[in-house]
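A.B. asks: Pasting a predicted model and its sequence here:
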Amino acid sequence: MEFINQWQQEAILEIFFLSVSKTGAVLIFKDIDEAKAKELIEILPYFPFMEKVEYLNLDKHF
């Protein structure tokens with residue numbers, strides 16, 4: 001959670017969802033490109049243990 005809190009304070013993380021089972025999460029970044037998002041995810045201490053990571057580019061229309 002240290003990274004999540006830091007990213008929220010830096011205003012690069014817009015939303016963080018944790019699954020009910022706590023085995024998955026969704027992070028929605030803002031104002032960064034996909035390469036930077038990958039770089040940030042890869043510094044997470046649990047990154048080597050992640051089974052699957054998906055990166056999606058989204059456009060917010062509301």
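C.D. replies: In hand now; what should we look at?

A.B. asks: Every contact and neighbour count from this point should use C-alpha atoms.
C.D. replies: Noted.

A.B. asks: Just want the most central residue of the chain.
C.D. replies: Of all residues in the chain, the one closest to the mean position by CA atoms, centre = their mean is L27, 3.2 Å from it.

A.B. asks: The closest residue to that residue other than its chain neighbours in helix, strand or coil?
C.D. replies: Nearest non-adjacent residue to L27, counting by CA to CA, 6 or more residues apart in numbering: F16, 4.7 Å away. Of the three states, F16 takes strand under DSSP: H, G, I helix; E, B strand; the rest coil.

A.B. asks: separation between F16 and V26?
C.D. replies: In this structure, F16 and V26 are 6 Å apart, going by CA to CA, to the nearest Å.

A.B. asks: What ranges does this protein have for its helices?
C.D. replies: For the chain, the helices defined by DSSP state H occupy 2-9, 34-42.

A.B. asks: And the residue nearest to the centre of the chain, how far from S21?
C.D. replies: Applying CA to CA, the value for L27 to S21 is 16 Å.
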